[in-house]
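J.: Let's see this in three dimensions:
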Amino acid sequence: MGIKGKNKVAPEDEQNLTEKEKFGKPVKYDPTFKGPIANRGCTDVICCILFLVCIVGMGGVGFIAFTTGDPWTLVYPTDSRGQICGVSEAVQDKPMLFFFDFLKCASYDTLLEFKCNTPQVCMSACPNKTYSPYKDLFFGAVAPALLNFDDFICDYDFDPATEYATGDYQGLDGLFLMMEDDRCASYYLPSSPLADRCVPSFLVDALSNVGDVFTTNDSFIYTANGDNITGSNAEELFSNAVNLFLELQTLVQVLYEDLVASWHMVLIGLGIGMLLSFIWIVVMRWLAGVIVWGSLIGLFAALGFGVYYCWIQYSALEGVAGADSDFEFSSNLLSYLRLQKTWMAFGITLLVVLSLLVLITLCLCNRIRVAISLIKEASRCVGGMISTLFWPILPFLLQMLVITVWVFIAVFLATSHTAKYTVVDAESDFPLANGTVCDEANFTSYYGEMNFTARCQFQSYEVEQYVLYLQIYNLFMFFWLMNFCVALGQMTLAGAFASYYWAFSKPQDIPAFPLLKSFYRSIRYHLGSLAFGSLIIAIIQIIRVMLEYVENKLKGKDNMVVKFVIKCLKCCFWCLEKFMRFINKNAYILIAIYGDNFCTSAQNAFFLLMRNIVRVAVVNKITDYLIFLGELCVTAIVGAASFFFFTNQITFVGEYVTVPQLNYYWFPIILICVGTFAIAISFFSVYDMAVDTLFLCFLEDLERHDGSAEKPYYMSKDLMGIVGKKNKKEVPDD
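T.: The predicted structure is shown next:
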């Protein structure tokens with residue numbers, strides 16, 4: 001479409017030099033430059049040292065967390081005294097936690113937190129029968145010798161037989177008080193362990209039901225509050241727990257069965273997604289132009305049809321009573337569609353949008369062709385360096401390592417705590433009110449002479465203030481290290497793709513093992529620059545977390561001005577993070593090529609992009625569109641194929657592969673779609689990096705060379721034809 005010859009120069013290349021120098025001077029020709037510079041030195045050494053020191057500091061935080069934390073408190077249950085069942089010395093042989101009154105736990109909040117306001121003791125095994133001491137109260141009134149205290153489940157230091165005979169709970173009234181004071185459980189049912197907690201079996205055991213628990217002799221089962229539990233009302237009393245446990249257990253069990261039956265097909269689906277992603281990238285050299293121009297033509301056609309449809313609707317309402325009325329507010333939105341002015345407004349709006357898009361496309365036509373050509377070149381580049389498609393595996397493994405270390409330290413820090421005890425069941429005349437912090441070790445000795453129902457019960461674990469600061473530091477290092485892994489991946493790919501572009505004769509001049517060499521240069525010389533760029537992103541991210549924390553603390557407050565300021569700051573820092581990620585990415589490209597420090601490379605990259613701002617906008621948007629379309633298409637194709645396969649709608653496949661029988665066929669389909677989308681993102685991130693690297697190299701190629709025999713262009717012939725350039729050594733087309 002361009003005009004060949006000396007006069008065929010794109011308008012953007014005829015800008016005034018003074019205007020260009022507002023954003024730095026164009027790159028000058030260097031006869032020694034043949035691609036990524038091999039002779040380079042270490043950059044941003046101070047930041048590298050700071051990065052290593054901070055990593056050592058993270059190790060110190062991990063040591064403190066390891067020596068003071070106790071993650072078993074998050075895994076194993078804790079009794080009312082703060083002892084970890086099966087772990088603490090006093091209860092090492094008692095791994096199960098028993099609740100005196102499970103009804104107080106039968107709510108979603110307490111079940112999910114595994115905490116409830118009832119005494120809890122560790123036991124060697126869960127009870128396997130239905131029992132209520134209130135039944136023995138009747139026998140005790142008739143014949144005290146018939147009392148079976150061995151069946152009582154009581155607090156550790158409470159002996160019901162001794163207390164009944166000689167202690168503070170003598171006689172029949174004393175037996176009642178044992179239950180009312182929560183010294184002993186008022187009832188218990190056959191229970192099964194669930195996460196080391198004793199839970200009524202009919203809630204968690206598929207082979208057990210309410211009828212197995214209650215018999216005609218169990219009408220004496222009462223809670224300490226006086227509620228009678230029978231076979232007819234048990235499910236109603238335990239309704240919340242029944243619904244939660246049974247639904248959760250059934251769902252997890254069914255999904256697990258589906259996963260076991262279909263895991264091999266899930267892996268095959270993910271493999272197909274990986275293959276399709278690779279094929280899509282390879283064929284992009286032929287499809288890029290078709291997709292872009294086809295999408296634009298389709299958009300124009302849709303807008304044009306919209307204008308035509310609005311005109312048809314406007315004409316159809318001609319002469320209809322009330323159709324020419326003015327707009328009036330109405331809650332019935334369909335009433336607006338009966339007005340001619342509505343369709344006129346729609347039509348004019350669509351016509352204006354269509355006209356603007358057509359004008360913009362005509363003005364940017366040449367730049368769109370450049371973008372398409374770069375995308376095709378990136379496809380050739382990635383296809384010629386297949387190893388780059390698998391490069392994201394290394395940064396991914398590094399990120400998994402960072403996540404593991406961060407979680408390890410965070411969990412140990414979260415459990416660097418002390419047990420907090422509070423007063424519960426205190427009467428109005430008791431010296432300490434309910435909820436008051438108490439000393440569990442000395443509580444009985446202080447108030448033992450009083451006849452009281454109050455107890456000093458374990459409430460929760462509390463952490464020291466310094467632990468919060470260590471958690472913030474750990475989170476900051478998590479952000480820094482995660483962004484460092486991303487930066488390392490980007491710089492390594494940039495060096496490899498730059499080696500491809502600056503090879504004059506492809507593929508003969510492409511150096512051997514460009515990916516490994518680029519990785520070596522990044523690690524050997526530019527750890528400091530990688531740390532510098534990732535540090536900037538980490539600081540922005542930690543500020544955003546703090547803003548989220550402040551906003552969460554302001555919930556329920558009426559200070560609208562502060563809320564508005566917080567939301568504005570969140571928006572600003574979100575935009576700042578996006579901008580800095582863009583700058584960092586392009587800075588890493590120039591670092592990979594020239595070996596300069598981060599600030600110099602970021603400045604040069606920014607000025608280079610600003611000197612070609614229109615091209616940047618067009619290339620970025622078209623690339624983003626094609627990559628998103630590719631990710632969407634690959635995921636949709638694999639997802640649709642999975643749906644037809646698991647629903648037995650692909651009959652010929654069933655002759656070779658057995659379709660598993662599933663309870664929920666959507667489960668493996670969702671797993672395949674999510675996994676395929678993640679794989680597509682990984683593959684297309686490499687493609688995106690290739691486009692960005694080749695684009696910067698293309699811009700420098702235009703500034704550095706003029707097509708003469710001494711300064712030939714390195715770009716492809718397709719690109720030279722689009723921008724009106726040619727090498728003088730090139731043989732003219734016939």
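J.: list the buried ones in the helix or strand hosting C599?
T.: Per DSSP states H and E, C599 falls inside helix 598-610. Buried residues in helix 598-610, defined by neighbour count with 16 or more other Cβ atoms under 10 Å: F598, S601, A602, Q603, N604, A605, F606, F607, L608, L609. All C-beta atoms are positioned from the backbone trio N, CA, C, and that covers glycine.
J.: For these, give me JSON lines that also has distance to H417.
T.: Shown next, in JSON lines, are these (distance: Cβ to Cβ, whole Å):
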{"residue": "F598", "distance to H417": "41"}
{"residue": "S601", "distance to H417": "46"}
{"residue": "A602", "distance to H417": "43"}
{"residue": "Q603", "distance to H417": "48"}
{"residue": "N604", "distance to H417": "51"}
{"residue": "A605", "distance to H417": "48"}
{"residue": "F606", "distance to H417": "48"}
{"residue": "F607", "distance to H417": "53"}
{"residue": "L608", "distance to H417": "53"}
{"residue": "L609", "distance to H417": "50"}
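J.: Out of the residues you listed, the closest to L719 would be?
T.: Distance to L719, by Cβ to Cβ, is smallest for L608 among the buried residues of helix 598-610, at 16.9 Å.
J.: For S601, see how far away the closest one is.
T.: Taking Cβ to Cβ, to the nearest Å as the criterion, L608 is separated from S601 by 10 Å.
J.: and F138, what pLDDT?
T.: F138 is assigned a predicted lDDT (pLDDT) of 55.
J.: A426 - nearest residue in space that isn't next to it in sequence?
T.: In space, and not counting its chain neighbours, A426 is closest to A454: 3.8 Å by Cβ to Cβ, 6 or more residues apart in numbering.
J.: The one you found - how many residues pack around it?
T.: Neighbour count for A454, taken as other Cβ atoms under 10 Å: 21.
J.: Thought V424 was touching it, still the case?
T.: Yes - between A454 and V424 there is a contact under Cβ atoms under 8 Å: 7.1 Å.
J.: Skipping adjacent residues, who's closest to G630 in space?
T.: Using Cβ to Cβ, 6+ apart, the nearest residue to G630 is W280, at 5.0 Å.
J.: Quick check: next helix or strand after the helix or strand containing that neighbour?
T.: Using DSSP H and E, W280 sits within helix 239-316. Remark: after helix 239-316, the chain's next helix or strand is helix 340-363, criterion DSSP H and E.
J.: what comes up buried for stretch 698-709?
T.: F698, L699, E700, D701, L702, E703, R704, H705, G707.
J.: what would the buried residues of helix 598-610 look like in CSV with distance to M344 and pLDDT?
T.: Converted to CSV, these look like this (distance: Cβ to Cβ, whole Å; pLDDT from 0 to 100):
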residue, distance to M344, pLDDT
F598, 56, 93
S601, 54, 92
A602, 51, 92
Q603, 52, 91
N604, 52, 89
A605, 48, 89
F606, 46, 90
F607, 48, 88
L608, 47, 86
L609, 43, 86
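J.: With respect to S716, which of the buried residues of stretch 698-709 is nearest?
T.: So of the buried residues of stretch 698-709, ranked by how close each gets to S716 (Cβ to Cβ), first place is F698, at 9.3 Å.
J.: Next one, pLDDT for A538 please.
T.: pLDDT, A538: 95.
J.: Likewise for T444?
T.: 70.
J.: before we move on, back to that, give the contact list for the residue nearest to A426.
T.: V423, V424, D425, A426, E427, F430, L432, N434, Y447 (Cβ atoms under 8 Å, 6 or more residues apart in numbering).
J.: Quick check: the gap between the fourth one and Q457.
T.: If I follow you right, that is A426. 11 Å.
J.: just curious, which of the buried residues of helix 598-610 is nearest to K711?
T.: Nearest to K711, judged by Cβ to Cβ, of those is L608 at 18.1 Å.
J.: And the strands in the chain?
T.: Under the criterion DSSP state E, the chain contains strands at 96-99, 120-123, 191-194, 197-200, 417-424, 455-463.
J.: circling back to that earlier point, can you lay out the buried residues of stretch 698-709 as TSV showing pLDDT?
T.: Below are those laid out as TSV (pLDDT from 0 to 100):
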residue	pLDDT
F698	85
L699	84
E700	85
D701	83
L702	82
E703	81
R704	81
H705	76
G707	76
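J.: Most widely separated two among those?
T.: Farthest pair in the buried residues of stretch 698-709, by Cβ to Cβ: L699 and G707, 15.5 Å.
J.: For stretch 536-544, which outside residues touch it?
T.: 472, 475-476, 479-480, 483, 570, 573-574, 576-577, 580-581, 584.
J.: re the thing from before, where does the residue nearest to G630 sit relative to L351, distance-wise?
T.: In this view, W280 and L351 are 36 Å apart by Cβ to Cβ.
J.: do E631 as well
T.: Where L351 is concerned, E631 sits at a distance of 33 Å (Cβ to Cβ).
J.: Which of the contacts of A454 fall in helices?
T.: Using DSSP state H, the subset of those located in helices is Y447.
J.: which of the contacts of A454 are buried?
T.: Looks like those have V423, V424, D425, A426, F430, L432, Y447 buried, using 16+ other Cβ under 10 Å.
J.: okay if I get the residues you listed as a markdown table plus pLDDT and distance to Y520?
T.: Formatted as a markdown table, the buried ones among the contacts of A454 follow (pLDDT from 0 to 100; distance: Cβ to Cβ, whole Å):
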| residue | pLDDT | distance to Y520 |
| --- | --- | --- |
| V423 | 82 | 65 |
| V424 | 77 | 64 |
| D425 | 71 | 69 |
| A426 | 76 | 70 |
| F430 | 79 | 73 |
| L432 | 81 | 68 |
| Y447 | 71 | 72 |
